[in-house]
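1. Give me coordinates for this.
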Amino acid sequence: MYRFSKAILVILFFILSSCKTATPSPISPTSTPDLMPEASDTAESSTPNVNASSAMRLENISWEDRSIFAPNLISDEQKILTELEGKTVYHIELIIPDDMQNLSGHQEVFYTNLEDQPLNEIYFRLYPNIFAGKSTLSAVTLDGNEIQPSYELANSAARITLPEPLAPGEKIIIGMDFNIQVPGEGSGNYGLFGYIDGILVLHKFYPVIPVFDDEGWNVEIPPQQGDVSYFDASFYLVQVTAPEKVIVTASGMEIERITDGNQQIITYANGPARCFYLAASKYFSLISETFGETQVNSYFLLGSNQGGEDVLNIALDALESFSKRFGQYTYTELDLVGTPMQALGMEYPGISAISTMLYDPNGQIGGVPTPIYLESAVAHEIGHMWFYNAVGNDQVDEPWVDEAIVQYITGLYYLDTYGQEGFEGYKDSWLDRWGRVEFEDIPIGLPVADYEDRQYGAIVYGRGPLFIDALAQAMGQDVFDTFLRDYYQTYKWDIGTAENFRQLAEDHCDCDLSALFEEWVY
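-> Numbering: from 1, shown residues only. Modelled structure (predicted):
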């Protein structure tokens with residue numbers, strides 16, 4: 001996620017405002033089956049009318065068949081489909097009605113115990129119940145047998161007690177129906193979940209299994225000021241039924257679309273990925289460009305053409321920077337979508353939401369031109385495709401391993417795009433953030449809940465990347481750059497921790513970094 005910083009150096013403004021990039025063209029409605037019509041004609045669908053009975057049936061897809069996810073991955077990444085044995089597979093059917101607020105669906109989950117101990121229960125998080133919405137379950141089954149879950153943490157966690165312990169390596173199928181009431185305004189966690197100004201945003205909406213680690217099941221009511229998720233990489237096959245006139249964008253690759261009367265049925269293959277996200281509206285326009293094997297799509301509200309074009313151009317530059325530094329972007333699609341939110345941006349696998357307030361090229365926030373915020377927000381959220389999605393982490397208890405690293409690599413984007421002057425200008429924004437708490441030596445390694453109000457943004461987003469920069473200087477920039485790429489490659493589709501990060505850094509520099517970590521992190 002990217003949050004506000006009220007002062008960025010004036011020199012950075014001049015650097016950014018002088019940047020000129022090619023204007024992208026609207027995509028053709030005949031390009032590929034998953035694409036929308038031109039930006040000037042978003043209300044009509046070019047997809048032929050087909051009976052719904054011809055839609056893909058998820059129950060006919062083998063749990064073990066990973067080939068359906070291959071179109072979502074660039075060619076060099078498809079080998080991972082044979083290497084993630086036992087990762088959880090979600091089959092989700094979601095129905096979005098005309099009112100866009102009373103959603104229903106069915107979900108089946110193929111779960112393998114990958115832990116080194118038997119499991120007596122499995123949890124599902126029901127985040128809408130702490131986002132001012134409502135999520136209810138019914139017809140819950142375990143290997144076809146109906147069971148009754150119990151509910152905890154303000155009904156945000158459903159605990160399924162297993163009739164017998166699930167031994168390491170054993171597999172089960174958990175099914176359930178679910179209903180979701182979506183609030184009619186932005187709610188909890190920066191307004192990322194709701195139906196707002198004609199835009200449906202579904203942040204953490206479906207029942208999802210949290211991480212089981214050395215603490216056990218990670219279930220808690222997360223602080224609202226931070227990111228709430230901590231998930232293993234999984235595979236998602238999601239079929240969405242929605243009104244035909246609604247434009248839908250979501251995580252993953254669209255692998256089928258049909259229409260039936262006034263409805264459309266869209267199937268997405270998403271994985272490996274940390275979660276699944278969806279946004280939908282009648283008012284989206286779309287433009288697109290390609291980066292290697294990846295199609296980059298910019299969805300924006302009608303009338304925000306300049307902002308939509310700027311988002312697309314920034315995304316292309318960010319993909320080039322991060323792909324060269326850490327490894328090629330993994331997916332064949334990357335979506336950017338303008339949504340109403342209180343933050344500036346939010347990351348999801350293969351898709352990032354950017355605040356609609358940033359799309360006005362002549363606007364200002366706190367006296368700072370919105371194009372400055374737009375560029376940093378887009379680059380930051382795309383950075384999360386490497387560190388949050390590919391390399392996962394505990395965003396609740398170790399937020400710096402997520403946000404401080406991505407703040408730092410956003411600085412590298414400015415370095416690659418504008419040179420050293422650009423990097424130094426962005427680095428000054430970190431100092432500005434830290435300065436909000438009078439440059440207190442508050443550790444960057446605390447859980448989100450341990451920070452008070454302004455401290456979280458000031459320390460994790462301000463002091464945090466300054467620590468990463470200090471680490472790079474201590475290790476030597478070339479050694480650090482090699483280390484950071486290795487960290488990404490080593491923990492890709494796994495979980496990275498502060499200790500993983502430190503140990504690998506020490507391995508690369510052949511040095512003791514304990515004093516530096518004590519000073520900044522612990």
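2. Map the structural domains onto the sequence of the protein.
-> 1-24+283-522, 43-282 (automatic domain parsing).
3. Quick check: which ranges of the stretch 1-150 of the chain have low pLDDT?
-> Along the stretch 1-150 of the chain, the model assigns pLDDT under 70 to residues 2-53.
4. What residues does residue 150 make contact with?
-> Going by Cβ atoms under 8 Å, 6 or more residues apart in numbering, residue 150 touches 158, 159, 161. Glycine gets a C-beta too; all of them are placed from N, C-alpha and C.
5. which among the residues you listed end up buried?
-> Buried by 16 or more other Cβ atoms under 10 Å: 158, 159, out of those.
6. thinking residue 258 is in contact with residue 240, fair?
-> No: with contact defined as Cβ atoms under 8 Å, residue 258 does not reach residue 240; the gap is 11.7 Å.
7. which residues are in contact with both of the two?
-> residue 265.
8. more neighbours, the two?
-> Set residue 258 next to residue 240 and count neighbours by other Cβ atoms under 10 Å: residue 240 wins out with 23 against 20.
9. list the helices and strands whichever strand or helix holds that one packs on?
-> In this assignment (DSSP states H and E), residue 240 forms part of strand 234-243. When contacts are defined as 3 or more Cβ pairs under 8 Å, 6 or more residues apart in numbering; DSSP states H and E, strand 234-243 sits against strand 89-95, strand 247-250, strand 263-273.
10. Ok, which of those comes nearest residue 282?
-> Among the helices and strands packed on strand 234-243, strand 247-250 comes nearest to residue 282, with 6.9 Å by Cβ to Cβ.
11. can you list the contacts of residue 150 in JSON lines and add pLDDT and secondary structure?
-> Output for these, formatted as JSON lines (pLDDT from 0 to 100; DSSP: H, G, I helix; E, B strand; the rest coil):
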{"residue": "158", "pLDDT": "98", "secondary structure": "strand"}
{"residue": "159", "pLDDT": "98", "secondary structure": "strand"}
{"residue": "161", "pLDDT": "97", "secondary structure": "strand"}
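12. Tell me which stretches of the stretch 301-450 of the chain form helices.
-> Counting by DSSP state H, counting those that start in this stretch, one finds helices in the stretch 301-450 of the chain at the ranges 305-326, 370-383, 400-418, 420-435.
13. Of the ones you listed, which is nearest residue 521?
-> Nearest of the helices of the stretch 301-450 of the chain (Cβ to Cβ): helix 400-418, 7.2 Å.
14. Compute the inter-axis angle for that closest one and helix 370-383.
-> Between helix 400-418 and helix 370-383, the angle comes out at 120 degrees (axes from the mean of the first three to the mean of the last three Cα atoms, to 10 degrees).
15. can you give me the mean pLDDT across helix 400-418?
-> Averaging pLDDT along helix 400-418 yields 98.
16. Now do it against helix 420-435, angle only.
-> 150 degrees.
17. From the centroid of this protein, which residue is nearest?
-> Residue closest to the average C-alpha location in the chain (Cα atoms, centre = their mean): residue 348, at 1.4 Å.
18. Now do the contacts for the closest residue to that one other than its chain neighbours.
-> Leaving aside its sequence neighbours, residue 348 sits nearest to residue 277 (Cβ to Cβ, 6 or more residues apart in numbering; 3.7 Å). By Cβ under 8 Å, 6+ apart, the residues touching residue 277 are 202, 203, 250, 251, 348, 349, 351, 353.
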